[in-house]
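Undergrad: Pasting the sequence and the predicted model now:
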Amino acid sequence: MGAQLLVPFAVAYVVLCCCCCSSSTEEVTTKEDSGVSAVGDPGMERDGLRVGFEAWNFCNEVGKEEAPSMGSPRAADCFDLSSQRKGAEEELTLNHKVTEADNKLGVGKVFPGLSPKALNNPDLYAAEKELYLGSLCEVAEDTTTTPKKPWQFWMIMLKNGNFDTKSGLCPENGKKVPPFSSPGRFPCFGDGCMNQPLLHHQPTSLSTNGTMKGGFNGTYDHLATSGGISYFEVIWEKKVGVGSWVFSHKLKTTKLYPWLMLYLRADATKGLSGGYHYDTRGMLKTLPESPNFKVRVRLDVKNGGGPKSQFYLIDIGSCWKNNGAPCDGDVLTDVTRYSEMIINPQTPAWCSPSGLGNCPLFHITPNNTKIYRNDTAHFPYSAYHYYCGPGNAQYLEKPYSTCDPYSNPQAQELVQLLPHPIWAEYGYPTKQGDGWIGDARTWELDVGGLSSRLYFYQDPGTTPARRIWTSLDVGTEIFVSDKDEVAEWTLSEFDVILTSQTT
Ligand SMILES: *[C@@H]1O[C@H](CO)[C@@H](O)[C@H](O)[C@H]1NC(C)=O
Ligand SMILES: *[C@@H]1O[C@H](CO)[C@@H](O)[C@H](O)[C@H]1NC(C)=O
Ligand SMILES: *[C@@H]1O[C@H](CO)[C@@H](O)[C@H](O)[C@H]1NC(C)=O
Ligand SMILES: *[C@@H]1O[C@H](CO)[C@@H](O)[C@H](O)[C@H]1NC(C)=O
């Protein structure tokens, strides 16, 4: 499990100057010019990386079964870096916390804390495996403060958009429904189209040049066919003691798997996270609440993934009921809420004066002026790709469209944005092409400010929900491509900064 590197002590002294007198290299990162960070690893600068992996089917479960000999689709790569003086040299060691046997745990195999009801249930097993991996990776920071705020990992999330309506696997707005036939409505090549991927793990190792590197990759295609197989890959790399981890992503769709999603998420460290109705583990040791937070992230898109690639800078997810109450795991009344800025310049605005049903009811300007969508002289139509209301909402104003009822464990609401001058105030992309290929940047997004002014549905006369976000993700959703497409990007320096402390 240990990977070791001997470096001349003088070099190690420079690299590890923050802790040259101790034998441990726990790093403390501080940023002078900012508020308190909500994540355990501000700016992704901690040498001892924490990264998790999860794969979801169309409704965010495992589904019928795990992939052959892969175990449950949850994995992690977590380690601490330690250093020891050896004469004139400094020895650096990576101490891994998760074994390959842990990563391969699958239904039928017991691990500490596993409940009997989950042992042979692939969905429950995956949820509990995430908690177990979280316990191995957990960093018990702030042990002196009350309450303690332990955190676990960044989460790589992979999702297969195939839906076999005859499988009976996905509920409709949270309600269990029998298998049905709906040819052409959802992609599926037939039996087994909702399968879980083959996953290969390259555990992080340290090379002689002082670089740490590891990754996850794999495919949905179980039988090795020549050419044209779906592919995903996330590789992380960092020089010891220097800067941020850089996560390089690659995602390839094919005819059999035309709808795939790959994100890097900062999820809640406990409770529910965006789109996930089980207890979760993650990186957000404090949950950010609108309007009081910002997100800093560096993004370099190298390959867009074609016209259907809805690349999100950034996607935020939460959950509250239509009466404004917080979610409690009751999938019939919980509603997942997402807002997503799509930066692919090939994404059109479906919201328009003649398509009011694809627009939110109103837009609120930074100076708090409310502009209704029927105010054709003022409403910024081209700032919205698509709005859809929760399928279980009783009082949506006509015309409206409701969101796909099957792709989340509960009903969902989506507010999808496009680059537009109206977002300038929040540091978001203001014109097509911003943040896209050839425009790598470090963004400081006033996600809290913007999300405090978005329209989200609520039943009339109910107290507005507190907008507390449990998932912040960057990545792409290649939404039913008609040909094989490849998206490639790197992400680094991810941080969530609380701009006014609430506790
Ligand atoms: C360091 O070495 C590794 C493995 O040989 C290589 O993949 C990586 O690109 C190198 N990095 C630098 C910065 O030289
Ligand atoms: C994943 O990467 C490994 C090398 O680390 C490679 O051998 C394997 O073929 C890759 N998997 C796929 C599906 O391409
Ligand atoms: C608010 O901003 C809009 C443009 O975004 C402007 O037309 C309007 O006059 C402003 N209203 C106030 C009260 O400042
Ligand atoms: C515009 O929409 C608002 C809210 O739905 C409504 O109150 C108002 O009457 C509408 N105005 C026109 C001119 O249709």
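TA: Yep, that arrived. Ligands and ions are numbered 1, 2, ... in the order given.

Undergrad: and A127, helix, strand or coil?
TA: Secondary structure state of A127, per DSSP: H, G, I helix; E, B strand; the rest coil, is helix.

Undergrad: My guess is it contacts D279. True?
TA: Yes - A127 is within contact range of D279, at 7.0 Å (criterion: Cβ atoms under 8 Å). The C-beta positions use only the backbone N, C-alpha and C, and glycine is treated the same way.

Undergrad: Just the pLDDT for the residue of the stretch 301-450 of the chain found nearest ligand 3.
TA: Of all residues in the stretch 301-450 of the chain, N367 sits closest to ligand 3, at 3.8 Å by Cβ to the nearest ligand atom. In this prediction, N367 carries a pLDDT score of 94.

Undergrad: which SS state does it fall under?
TA: Counting by three-state DSSP, the backbone at N367 sits in coil.

Undergrad: That one: what's it in contact with?
TA: Neighbour list for N367: empty [criterion: Cβ atoms under 8 Å, 6 or more residues apart in numbering].

Undergrad: Can we start the residue count at 855 from this point?
TA: Done: numbering now begins at 855, and the last item shifts to N1221.

Undergrad: Overlap of the contact sets of A981 and D1133?
TA: By Cβ under 8 Å, 6+ apart, no residue touches both A981 and D1133.

Undergrad: Buried residues, stretch 1089-1104. List them.
TA: Neighbour counts using 16 or more other Cβ atoms under 10 Å place 1089-1092, 1094-1095, 1098-1104 of stretch 1089-1104 among the buried residues.

Undergrad: where along the stretch 1155-1304 of the chain do the strands fall?
TA: 1163-1173, 1189-1196, 1216-1218, 1224-1226, 1238-1242, 1265-1271, 1295-1299 (DSSP state E, counting those that start in this stretch).

Undergrad: for those, which one sits closest to F1333?
TA: Closest approach to F1333 among these (Cβ to Cβ): strand 1163-1173, 5.5 Å.

Undergrad: What is the closest one packed up against?
TA: If you count contacts as 3 or more Cβ pairs under 8 Å, 6 or more residues apart in numbering; DSSP states H and E, strand 1163-1173 packs onto strand 1147-1158, strand 1189-1196, strand 1295-1299, helix 1301-1306, strand 1325-1332, strand 1339-1352.

Undergrad: Export those as JSON lines, with columns for distance to R904, mean neighbour count and mean pLDDT.
TA: Output for the helices and strands packed on strand 1163-1173, formatted as JSON lines (distance: least, Cβ to Cβ, whole Å; neighbours: other Cβ atoms under 10 Å; pLDDT from 0 to 100):
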{"stretch": "strand 1147-1158", "distance to R904": "17", "mean neighbour count": "21", "mean pLDDT": "98"}
{"stretch": "strand 1189-1196", "distance to R904": "25", "mean neighbour count": "25", "mean pLDDT": "97"}
{"stretch": "strand 1295-1299", "distance to R904": "22", "mean neighbour count": "17", "mean pLDDT": "98"}
{"stretch": "helix 1301-1306", "distance to R904": "22", "mean neighbour count": "22", "mean pLDDT": "98"}
{"stretch": "strand 1325-1332", "distance to R904": "16", "mean neighbour count": "26", "mean pLDDT": "98"}
{"stretch": "strand 1339-1352", "distance to R904": "13", "mean neighbour count": "22", "mean pLDDT": "98"}
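
Undergrad: Out of the ones you listed, the one nearest K958 is which?
TA: For K958, the closest of the helices and strands packed on strand 1163-1173 is strand 1325-1332, at 25.2 Å, according to Cβ to Cβ.

Undergrad: Kindly format the C-alpha coordinates of the closest one as CSV.
TA: The C-alpha trace of strand 1325-1332 is given here as CSV (Å, rounded to 0.1, in the frame of the first residue of the first chain):
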residue,chain,number,x,y,z
SER,A,1325,-24.3,19.6,-4.1
LEU,A,1326,-22.1,21.8,-6.3
ASP,A,1327,-20.8,20.1,-9.4
VAL,A,1328,-18.9,20.9,-12.6
GLY,A,1329,-18.9,18.6,-15.6
THR,A,1330,-21.0,17.6,-18.6
GLU,A,1331,-24.1,15.8,-19.5
ILE,A,1332,-24.0,14.6,-23.1
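
Undergrad: Show me what that strand pairs with in its sheet, parallel or antiparallel.
TA: Sheet pairing for strand 1325-1332, assigned by DSSP bridges, gives strand 1114-1121 (antiparallel), strand 1163-1173 (antiparallel).

Undergrad: Columns distance to S1261 on top of those, output as JSON lines?
TA: Converted to JSON lines, the strands paired with strand 1325-1332 look like this (distance: least, Cβ to Cβ, whole Å):
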{"stretch": "strand 1114-1121", "distance to S1261": "10"}
{"stretch": "strand 1163-1173", "distance to S1261": "13"}
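
Undergrad: and of those strands, who's closest to ligand 2?
TA: Taking the strands paired with strand 1325-1332 one by one with Cβ to the nearest ligand atom, strand 1114-1121 is closest: 13.6 Å.

Undergrad: Report the backbone C-alpha coordinates of that closest one in PDB.
TA: Only the C-alpha atoms of strand 1114-1121 are listed here, as PDB (Å, rounded to 0.1, in the frame of the first residue of the first chain):
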ATOM      1  CA  LEU A1114     -23.700  10.000 -20.200                       C
ATOM      2  CA  MET A1115     -22.900  12.300 -17.400                       C
ATOM      3  CA  LEU A1116     -19.600  12.900 -15.600                       C
ATOM      4  CA  TYR A1117     -19.200  15.400 -12.800                       C
ATOM      5  CA  LEU A1118     -16.900  16.300 -10.000                       C
ATOM      6  CA  ARG A1119     -19.000  17.200  -7.000                       C
ATOM      7  CA  ALA A1120     -18.700  18.800  -3.700                       C
ATOM      8  CA  ASP A1121     -21.500  17.000  -1.800                       C
END
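
Undergrad: what pLDDT, on average, does it get?
TA: For strand 1114-1121, mean pLDDT rounds to 98.

Undergrad: for the helix or strand hosting V905, packing partners?
TA: Using DSSP states H and E, V905 falls within strand 904-910. Counting contacts by 3+ Cβ pairs under 8 Å, 6+ apart, strand 904-910 packs against strand 928-940, helix 976-991, strand 1008-1014.
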